[in-house]
Structures are given as C-alpha cells and as structure tokens.
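Colleague: got a structure for you, letters missing:
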Ligand SMILES: Nc1nc2c(ncn2[C@@H]2O[C@H](COP(=O)(O)OP(=O)(O)OP(=O)(O)O)[C@@H](O)[C@H]2O)c(=O)[nH]1
Ligand SMILES: [Mg+2]
C-alpha cells in the first residue's frame, strides 16, 4: 500500500464455540467510529464460522504511520483445519481464545498444539509471534456452570509461552477491549522493529 | 502485511501501468493484493465504490480456496479464475507466488480483451521487479 500505511493482520484462534466470533461482534458494536466498513462473516446456517470473520479497524496514526488493523477469526471446528491454515497466512499477531468451561479443557490444549503446527508450516514460531491468551466465558461461573480456575488454564496453556493473558467474557464484553489493545500494541511494536 | 516487497518508486510505476493498460480501457477497478489479503495498491475509474479492504480479504480467501482445491485434484493451479455477473465481472490473475491482480469490469469489455491486457500488465510488472 501507499507510503506510511501499515496493514496489520490479527487472527483470533481457538477451539470451536470458544467465542472468537463473539469477540469480533462485541468490538464491531462498541467501536463503530473506528470501523470503516461492515464486518464480513462467512458462516453456516447454524452460525458456525465456515471460513472467517473479517473486521477492519482503523487505529489512526502511530509515529507517522497510518495503522490499519485487520481482525480475522478462524473456524474452530476440528474438520476445518485446512481453512484455518489459509486464514493464518501472513498473520502478524494472534489472540488465542480458550474456553474456560471445564469440559473444554482438552480441546483448548489440542487447539493450541495445532496452532503451533500450523504456524510451523509457514515457518513461523508460536514462541516468537505476538500472542495474547484469553480465557473466555468466565461469566458462566455465576450461572453455576463449572469453569476452570485461571491458574489451571494458565498452567495448561501459558506455562511455556508466558504471554500476556486475560480472563474475559466476550458476551458481556469483559476484557474484550483489554485483549484487543494488548495484541494491537504487541503486534505494532513487533512490526516497528521489522520496519526500522 | 508485507515488508516492502515494493518500493514507493516501483509502486508509482505500477500504478501508472495499471492506469494506462486497464483503467483507461474501461476497467472499473484494479487491485493488487498479497496472499494474506493485504492491499498493495488499488486503482479505480473514480466512480466505483467498492470496499476494497473487505474485498481483498475475501479475494485472498477465494483464491486460496480454489488453489487448495486444484492441488487436491492434482493440478498445479487453475489458470483461469473468473466470476461473471449481470453487470460486473471479476477476474483473478496470479502475478507471482505472493501477489494477485484482480480486475473488476463491466459488460462493455470482453473477457478475451481483458485477459490480453492483463497478461501484458503482468509482464510489465515482472520486468519492473527484474530491474531492482
Ligand atoms: N456465557 C458465555 N457464552 C459465550 C461467550 N462467548 C461466546 N459465547 C457463546 O458461545 C457460542 C459460540 O460462540 P462463537 O463466538 O460463535 O464461537 P466461535 O469461537 O466463533 O465458534 P466457531 O466459529 O465454530 O469456531 C455462542 O452461543 C455464544 O453466544 C461468553 O463469554 N460467555
Ligand atoms: Mg466463529
């Protein structure tokens, strides 16, 4: 693109139904002013992501660069790994959305392992790429649904990676913006290093 | 994003080629994107109001899907990617492993004529790269 425009691709990744699309929907509702065009969702009749969601987000200027953030989600269902990989192409930063529901424990771990492999196929490393961890659906605690304690999620998913992490509820919006801000700042910092 | 595959000077030359060889012939809009869905450059006739960012994301996804299907049936690639509508048409062409040229044009232009010019444009863009 033209001089001084930087396009940044951020992908929300995680197991099926963990709340990736819900994160983008909340952002889309809350930051209307910064969103230049409609959210694009390629989904099935049952509202499952089929290919990706796409939401362009305007950050304005940072150090003279016009920053255009492109938010994507992947389809989380196991059978869609081929399309998940396609969405990861050229990714600059990742939010891993874990499902805090107790019964989803193994699925989170499997999904994170597959992210690791998928990044390797693009010669990227999960240890190097800007990454933020989100433990989603913590609101379910109040409804009496068993939710994994954050220490357990941390130990399962973040003991080696040691990336910034947040408890969140995409449905109420709790920490959705905090997650987004963190991944944008980590990614922009990492891109600035590459540009200079 | 792409980390400067093209310099600002090259970009201006590419814009010139796109304008002379496609827009002036009546093509509504031409976009060069990378395979991640980022826009390298976009030129239009001043009338079209496409949302180029969403378009680029979808186009990259579409191209990648068709490419993956080609590999599944044992083809290197499908060389012609073309969508035809009532009023407008979309034509995809691969510049190299990383870049795609997408043209949107109306019913006044024939596919054959467009393809000839696209081939010419891609040749010129490749020469430009060769020179750097
Ligand atoms: N209680 C609660 N429900 C949530 C939360 N986030 C998402 N959900 C619900 O979980 C279901 C799946 O959410 P989606 O955002 O579609 O999940 P996804 O990760 O995009 O799923 P795939 O597209 O299949 O990968 C929906 O019914 C959401 O309303 C949350 O924070 N709390
Ligand atoms: Mg989804």
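Modeller: Right, received. Where do you want to start? It should be emphasised that the depicted structure is a prediction, and the values quoted were computed from it without experimental measurement. Ligands and ions are numbered 1, 2, ... in the order given.
Colleague: poorly predicted segments of chain A, please.
Modeller: Scanning chain A with the threshold set as pLDDT under 70 gives A:1-3, A:196.
Colleague: scratch that, chain B is what I was asking about
Modeller: Using pLDDT under 70, chain B drops low at B:1-5, B:131-132.
Colleague: helices of that one, start to end?
Modeller: All helices of chain B, identified by DSSP state H, fall at B:8-21, B:52-72, B:111-130.
Colleague: quickly list what the spatially most central residue of chain B is bridged to.
Modeller: Of all residues in chain B, the one closest to the mean position by Cα atoms, centre = their mean is residue B:101, 1.4 Å from it. Bridge pairing for residue B:101 (DSSP bridges) gives the partners residue B:32, residue B:93.
Colleague: pretty sure it contacts residue B:118?
Modeller: Yes. Using Cβ atoms under 8 Å, residue B:101 is in contact with residue B:118, at 6.5 Å. Heads up, the C-betas are built off the backbone N, CA and C, glycines and all.
Colleague: OK, contacts around the closest residue to ligand 2 within chain B?
Modeller: Residue nearest to ligand 2 within chain B: residue B:61 (14.6 Å; Cβ to the ion). Taking Cβ atoms under 8 Å, 6 or more residues apart in numbering or on different chains, we find residue B:61 in contact with A:42, A:51-52, A:86-87, B:37.
Colleague: give me the phi and psi angles of residue B:107.
Modeller: Phi and psi for residue B:107, reported as degrees, to the nearest 10, are phi -80, psi 0.
Colleague: now do the same contact list for it.
Modeller: If a contact means Cβ under 8 Å, 6+ apart, then residue B:107 has B:87-89 as its contacts.
Colleague: run a quick neighbour tally on residue A:82.
Modeller: Burial of residue A:82 is recorded as 12 neighbouring residues (other Cβ atoms under 10 Å in any protein chain shown).
Colleague: count of neighbours near the closest residue to residue A:133 other than its chain neighbours?
Modeller: The shortest distance from residue A:133 to any non-neighbouring residue, by Cβ to Cβ, 6 or more residues apart in numbering or on different chains, is to residue A:165 (3.8 Å). For residue A:165, the neighbour count with other Cβ under 10 Å is 22.
Colleague: before we move on, the earlier item: put the buried members of the contacts of residue B:107 into a ChimeraX selection.
Modeller: Only the buried entries of these go into this ChimeraX selection, using 16 or more other Cβ atoms under 10 Å in any protein chain shown:
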select /B:89
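Colleague: now, which of the contacts of residue B:107 sits nearest residue A:36?
Modeller: Nearest to residue A:36, judged by Cβ to Cβ, of those is residue B:88 at 22.1 Å.
Colleague: who does the closest one bridge with?
Modeller: On the basis of DSSP bridges, residue B:88 is bridged to residue B:106.
Colleague: rewinding a little: okay, the helices of chain B, which one's buried deepest?
Modeller: Comparing these by mean neighbour count (mean count of other Cβ atoms under 10 Å in any protein chain shown), helix B:52-72 ranks first with a mean of 18.
Colleague: ok, residue 35 - contacts?
Modeller: Went with chain A since none was named. Contact partners of residue A:35, counting by Cβ under 8 Å, 6+ apart, are A:27-28, A:55-58.
Colleague: chain B, not that one
Modeller: By Cβ under 8 Å, 6+ apart, the residues touching residue B:35 are A:89-90, B:60, B:63-64, B:97-100.
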